[in-house]
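Visitor: take this sequence and fold it.
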Amino acid sequence: MTDLGKRHATGTQQLSASVVALAIALVSMLALVSWLRTGPLFDPHVVLVASYLVVWLPFLAAVAFICFVRGTGSLAHDVGLRITLLDVVVGVGAGLLARAAVGIVEIAVTGRMIGLGVTFGETYYDVWWLFGTILAPVLIAPFVEEIFFRGLLQRAVLRVSSARLSPRVAASVSMIASAALFALLHLTQAASPTGALVLGLSSLILGLTAALIAGLTGRIGGAIAAHVVFNGSLVLTSFM
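Guide: As a prediction, the model looks like this:
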């Protein structure tokens, strides 16, 4: 068993791994979008899986490298992967508040709540529907994105900036950085300037909410819960 006191990734190593993983994810997502817009028709199931894997794989690889190669081998210790009942309660409330705030943004920009108009076309309740509607966006993506953005990247920025800034300023910088980069990643999905504005602001609101929870608690459990509720509430409206 690894002795937690003998090995720990430095802030620079954490930040370097985060930057490399995010760059790979951004380039891969942009390349995939460009390919789909200019290339022939593809199997929608393959596209669905690929659109998630190009982000998930580099993120998980970075976390695994920092935790199991350079770190202590403990996800709880290295990226704050812990959750308590209080985290769940706070996360649920924060996720709902963030979704309400996004609804206000959508109405201000487009005149309607975009989420209330979400449909999935002709529905086939098979394994692909389960993956694309529930598993990927509501359960897996929140876990992967929060363990990377809040567990790895936010902590890395905090450790590096703490050497030069006061604790309060360093914490603020780390929260803003993780939220802004989280929003940047999601902007790759925008199809129009209006869509980019709404998507960017929506992602920023969620990112700041999750970053604040992680920063205040030192754990990412509440951030994951908030993200799950935020995404899940949008999916829920499609059935109303």
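Visitor: hey, let's count contacts and neighbours off CA atoms from now on
Guide: Fine.
Visitor: distance check, the most centrally placed residue in the chain against residue 182.
Guide: The C-alpha lying nearest the average C-alpha coordinate of the chain belongs to residue 145 (C-alpha atoms, centre = their mean; 3.1 Å). From residue 145 over to residue 182 the distance is 8 Å, taken as C-alpha to C-alpha, to the nearest Å.
Visitor: same deal with residue 36?
Guide: When distances are taken as C-alpha to C-alpha, residue 36 and residue 182 turn out to be 23 Å apart.
Visitor: also residue 51?
Guide: The value you get for residue 51 to residue 182, if C-alpha to C-alpha is used, is 16 Å.
Visitor: comparing the two, which residue is more hemmed in?
Guide: Set side by side, residue 51 and residue 182 show more neighbours around residue 182, with 23 against 16, by other C-alpha atoms under 10 Å.
Visitor: report the distance from the strand or helix carrying the more buried one to the chain centre.
Guide: Element membership of residue 182, judged by DSSP states H and E, is helix 167-187. Distance, stretch centre to chain centre, for helix 167-187: 12 Å (C-alpha atoms, centre = their mean, to the nearest Å).
Visitor: now it: buried residues?
Guide: Within helix 167-187, the residues that qualify as buried by neighbour count (16 or more other C-alpha atoms under 10 Å) are 170-187.
Visitor: ok, stretch 157-169 next?
Guide: Those buried within stretch 157-169 under the rule 16+ other C-alpha under 10 Å are 157, 158, 159, 160, 161, 162.
Visitor: got it, and stretch 214-221?
Guide: Buried residues in stretch 214-221, counted by 16+ other C-alpha under 10 Å: 214, 215, 218, 219, 220, 221.
Visitor: and stretch 77-92, by the same measure?
Guide: By neighbour count, and taking 16+ other C-alpha under 10 Å as the criterion, the buried residues in stretch 77-92 are 77, 78, 79, 80, 81, 83, 87, 88, 90, 91, 92.
Visitor: what do you get for stretch 221-235?
Guide: Within stretch 221-235, the residues scored as buried using 16+ other C-alpha under 10 Å are 221-235.
Visitor: what do you get for stretch 52-61?
Guide: By neighbour count with 16+ other C-alpha under 10 Å, stretch 52-61 contains the buried residues 52, 54, 55, 56, 58, 59, 60.
Visitor: pLDDT at residue 111, what is it?
Guide: pLDDT, the model's per-residue confidence, is 84 for residue 111.
Visitor: could you measure from it over to residue 204?
Guide: Residue 111 sits 20 Å away from residue 204, going by C-alpha to C-alpha.
Visitor: which of the two has more residues huddled nearby?
Guide: Here residue 111 and residue 204 are set side by side on neighbour count (other C-alpha under 10 Å), and the busier one is residue 204, at 23 against 10.
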